[in-house]
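Asker: fold the following for me, if possible:
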Amino acid sequence: MGLLRGVVDPELGSDIVELGMAKGVVIDAGLVTITVALTTSGCPLRAQIQKDIRARVGTLQGVDKVKINWTELTQEEKAAAMSKARFNISQEEQDTEVPATTKVIMVASGKGGVGKSSVTVNLAAGIAARGYTVGVMDADIWGFSVPRMLGVEGRLEGEKDTKKIAPHERRVGDGLLKIISMGFLVEDESSSLNWRGLILNRAVRHFLEDVQWGEMDYLLIDMPPGTGDVQMGLAKMLPRADMIVVTTPAKTAQSVAVRVGSMARSYYLRIAGVIENMTAFVNEEGKVYELFGSGGGEELAEELGVPLLGKVPIDAAVAHGGDNGNPIVLGEGPAAQAFQDMVAVIVEEAIPPTEMAGCTARLLEAARDSIEGKAPTATSVDIG
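Answerer: I've put the predicted structure just below:
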């Protein structure tokens with residue numbers, strides 16, 4: 001049971017043992033049978049919880065197969081889960097302007113120079129192209145690059161009615177990007193920011209507290225490299241976030257990226273997967289050149305016990321698109337296809353958007369309404 005405490009329900013922010021969802025474990029030789037009770041039998045988070053359980057239990061020595069039996073919580077058990085949700089929300093350090101139903105994805109790396117920002121903007125643009133509303137928060141305060149990569153510029157302005165900062169917007173097909181970056185607050189992109197930890201943390205808090213984000217399906221955060229004050233502050237402020245770790249094939253990048261995963265788990269964040277960037281260069285004759293080595297992505301994914309979401313080949317079009325504000329994911333070519341495939345995996349499998357008609361998202365809304373003294377909304381449920 002102890003291992004299942006690492007499987008976190010992403011909407012309620014608690015592990016399935018604490019929520020009473022883990023009903024039992026039976027071990028028979030190499031077969032591990034786990035019984036899990038969902039809040040509703042058709043819970044859209046079932047696939048995600050299943051992946052997390054298999055990732056944690058299936059990699060143990062001596063385990064050949066993991067079988068999961070599904071059942072449903074009783075009304076009393078749902079009430080207990082609701083009570084836990086109320087407690088967790090009351091213990092949050094602060095409220096943010098990020099809606100509770102928004103899927104937050106932190107795009108992180110162990111070191112700089114692995115293309116984390118490029119991955120962030122391409123994933124964001126690719127998800128938006130599918131018709132979703134996607135926020136992009138450039139939390140790499142020193143090394144902001146998102147404005148140029150998305151082709152957006154201009155100073156940020158406040159909303160007269162709410163006195164909140166309005167993010168810049170860019171339409172992508174039927175979807176929408178909402179973008180916040182320190183690059184919109186400095187005179188020019190060559191300005192240096194000689195700030196230390198406390199000031200950096202305060203700037204990031206402003207991005208979460210004082211920006212009128214509005215309704216969003218996803219919020220992608222371009223994290224600073226490493227495991228410093230900003231990373232730890234964001235992990236504390238957004239405890240239900242998922243993390244994607246970016247690395248290159250090089251073993252040095254892979255080894256330091258493990259530390260990011262360790263930090264995420266110390267704050268009970270779920271690591272959704274690994275992306276390997278700059279995998280290899282393929283010339284016109286089809287010859288493959290592994291300029292940065294090989295195997296880093298697979299080894300990191302295995303070490304963290306998470307899936308490898310995809311690999312991005314070395315393609316000059318990626319840099320060209322970033323320099324000109326046209327993410328390659330919206331175009332064609334090997335890198336474009338790689339990003340499009342990863343977007344599909346993220347939206348359809350790894351981190352699907354919240355469906356308010358189902359399971360724990362409804363419990364979370366009801367819990368928040370209760371704490372804030374609001375009447376239950378149309379998406380809230382009465383669980384006794």
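
Asker: now do the strands in the stretch 201-350 of the chain.
Answerer: Taking DSSP state E, counting those that start in this stretch as the test, the strands found in the stretch 201-350 of the chain are 218-222, 242-247, 270-277, 281-282, 288-289, 308-312.

Asker: most distant residue from the centre of the chain?
Answerer: Within the chain, the residue lying farthest from the chain centre (C-alpha atoms, centre = their mean) is Glu285, at 37.3 Å.

Asker: give the helix, strand or coil label for the residue nearest to the spatial centre of the chain.
Answerer: Nearest to the mean C-alpha position of the chain, by C-alpha atoms, centre = their mean, lies Ile105 at 1.8 Å. Classification of Ile105 by DSSP: H, G, I helix; E, B strand; the rest coil places it in strand.

Asker: again, but for Lys23
Answerer: Per three-state DSSP, the local secondary structure of Lys23 is strand.

Asker: can I assume it is in contact with Leu73?
Answerer: No: using C-beta atoms under 8 Å, Lys23 makes no contact with Leu73, being 9.3 Å away. All C-beta spots, glycine's among them, are computed from the backbone N, C-alpha and C.

Asker: now for these two: what residues contact both?
Answerer: Taking C-beta atoms under 8 Å, 6 or more residues apart in numbering as the criterion, Lys23 and Leu73 both touch Ala37.

Asker: which of the two has more neighbours?
Answerer: More crowded of Lys23 and Leu73, by other C-beta atoms under 10 Å: Leu73, with 20 against 16.

Asker: wait, doesn't the more buried one sit right on Ser41?
Answerer: No: using C-beta under 8 Å, Leu73 is not in contact with Ser41; the gap is 10.0 Å.

Asker: what sits opposite the residue nearest to the centre of the chain in the beta ladder?
Answerer: Assessed by DSSP bridges, Ile105 has beta-bridge partners Leu220, Asp242.

Asker: does it touch Val246 like I think?
Answerer: No: contact criterion C-beta under 8 Å: Ile105 and Val246 do not qualify, at 11.7 Å.

Asker: pLDDT below threshold where in the stretch 101-250 of the chain?
Answerer: Segments of the stretch 101-250 of the chain classed as low confidence (criterion: pLDDT under 70) are 187-201.

Asker: let me see the ranges of the helices in it.
Answerer: If DSSP state H, counting those that start in this stretch is used as the criterion, the helices of the stretch 101-250 of the chain fall at 116-128, 146-150, 197-209, 229-237.

Asker: most packed of these?
Answerer: The highest mean neighbour count among the helices of the stretch 101-250 of the chain, using mean count of other C-beta atoms under 10 Å, belongs to helix 116-128: a mean of 27.

Asker: report the separation between the spatially closest residue to Met278 that is not a sequence neighbour and Leu304.
Answerer: Counting by C-beta to C-beta, 6 or more residues apart in numbering, Thr248 is the residue found nearest to Met278 once chain neighbours are left out, at 4.9 Å. As defined by C-beta to C-beta, to the nearest Å, Thr248 lies at a distance of 16 Å from Leu304.
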